[in-house]
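K.L.:
quick one, structure for this:
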Amino acid sequence: MTPLIELRNLTKTYGRGDAAFQALRGINLTIAQGEFVAIMGHSGSGKSTLMNTLGCLDTPTTGNYLYQGIAVEQLDADQRSLLRRHALGFIFQGFNLLARTSALENVELPLLYRGLTKRQRHQKATGALASVGLPDKLRNTPAELSGGQQQRVAIARAIVSDPSTLFADEPTGNLDTATTVEIMKLLTRLNAENGITIIMVTHEDDVAAYAKRIVRITDGLIASDKMNEN
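P.N.:
Modelled structure (predicted):
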């Protein structure tokens with residue numbers, strides 16, 4: 001079976017000459033469909049660069065990135081955009097919701113680029129909000145929602161397009177402990193019940209503990225890659 005994601009000797013260098021900085025220094029990584037992987041590392045370790053590359057938000061300097069057998073490093077910007085639109089979902093620490101727009105409209109936003117009718121967008125967005133426990137918050141704006149509810153809306157927006165992979169960048173960074181547990185249980189359920197592959201960047205051990213596998217990055221290299229025995 002072809003791995004969902006395969007990285008071969010992946011590098012990423014910023015700048016040139018004496019100012020060059022190598023953020024990734026030869027990453028080899030394979031991720032199968034349905035895994036829940038936490039990527040950990042100190043600030044400057046390269047974990048965010050790795051996440052941006054995996055999410056097709058940035059391109060490698062050298063090496064290979066295969067997504068379902070597709071050589072991502074050979075795609076142009078429009079092709080990478082199509083891959084993001086149809087196969088990838090994103091959750092961010094800051095929620096990134098439109099402030100004056102209802103929860104339903106925020107979740108519908110990715111569907112505007114897929115040619116769906118208004119009725120189809122409404123049905124899919126309503127279903128996504130219900131799946132994250134917010135069936136009664138369709139008309140509320142972000143200002144009318146708690147931090148945890150805003151992150152649930154962001155998760156609904158990320159899954160409304162039925163992505164095969166969900167990227168979560170410090171998804172609980174702005175949440176209190178109790179809400180963090182709620183969000184991590186939700187992500188665990190989406191992974192277990194819907195089969196969505198989740199790749200999450202975090203610096204918190206208690207958050208990483210929800211993942212099935214923990215990859216630690218140090219100085220642009222994989223320092224460890226272990227299954228979570230807990």
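K.L.:
centre-most residue in this protein?
P.N.:
For the chain, the residue nearest the mean C-alpha position is Phe167 (0.9 Å; CA atoms, centre = their mean).
K.L.:
part of a helix, is it?
P.N.:
No: under DSSP: H, G, I helix; E, B strand; the rest coil, Phe167 falls outside any helix and is assigned strand.
K.L.:
specify the beta-bridge partners of it.
P.N.:
Residues in a beta bridge with Phe167, per DSSP bridges, are Phe90, Ile199.
K.L.:
residues contacting it?
P.N.:
Met51, Leu54, Gly55, Leu88, Gly89, Phe90, Ile91, Ile199, Met200 (CB atoms under 8 Å, 6 or more residues apart in numbering). (Each C-beta comes from the backbone N, C-alpha and C, glycine too.)
K.L.:
what about whichever helix in the chain runs longest, average pLDDT?
P.N.:
Longest helix of the chain, by residue count under DSSP state H: helix 177-194. The average pLDDT within helix 177-194 is 94.
K.L.:
over to stretch 214-223?
P.N.:
On average, stretch 214-223 scores 96.
K.L.:
endpoint to endpoint, it covers what distance?
P.N.:
11 Å (CA to CA, to the nearest Å).
K.L.:
in that stretch, which residues are buried?
P.N.:
Neighbour-count burial for stretch 214-223, counted by 16 or more other CB atoms under 10 Å, picks out Ile214, Val215, Arg216, Ile217, Gly220, Ile222.
K.L.:
what angle do the longest helix of the chain and strand 165-169 make?
P.N.:
170 degrees (axes from the mean of the first three to the mean of the last three CA atoms, to 10 degrees).
K.L.:
what comes up buried for helix 177-194?
P.N.:
Buried, per 16+ other CB under 10 Å, within helix 177-194: Thr179, Thr180, Val181, Glu182, Ile183, Met184, Leu186, Leu187, Leu190, Asn191.
K.L.:
so which elements touch that helix?
P.N.:
Other helices and strands packing on helix 177-194, by 3 or more CB pairs under 8 Å, 6 or more residues apart in numbering; DSSP states H and E, are strand 36-40, helix 147-159, strand 165-169, strand 197-201, helix 205-208.
K.L.:
before we move on, the earlier item: ok, so of the contacts of Phe167, who is nearest Ala38?
P.N.:
Nearest to Ala38 among the contacts of Phe167: Met200, at 5.1 Å, using CB to CB.
K.L.:
the closest one against Ala211, yeah?
P.N.:
Yes: using CB atoms under 8 Å, Met200 makes contact with Ala211 at a distance of 6.4 Å.
K.L.:
return the set of residues that bridge with Val37.
P.N.:
Bridge pairing for Val37 - DSSP bridges - gives Ile199, Arg213.
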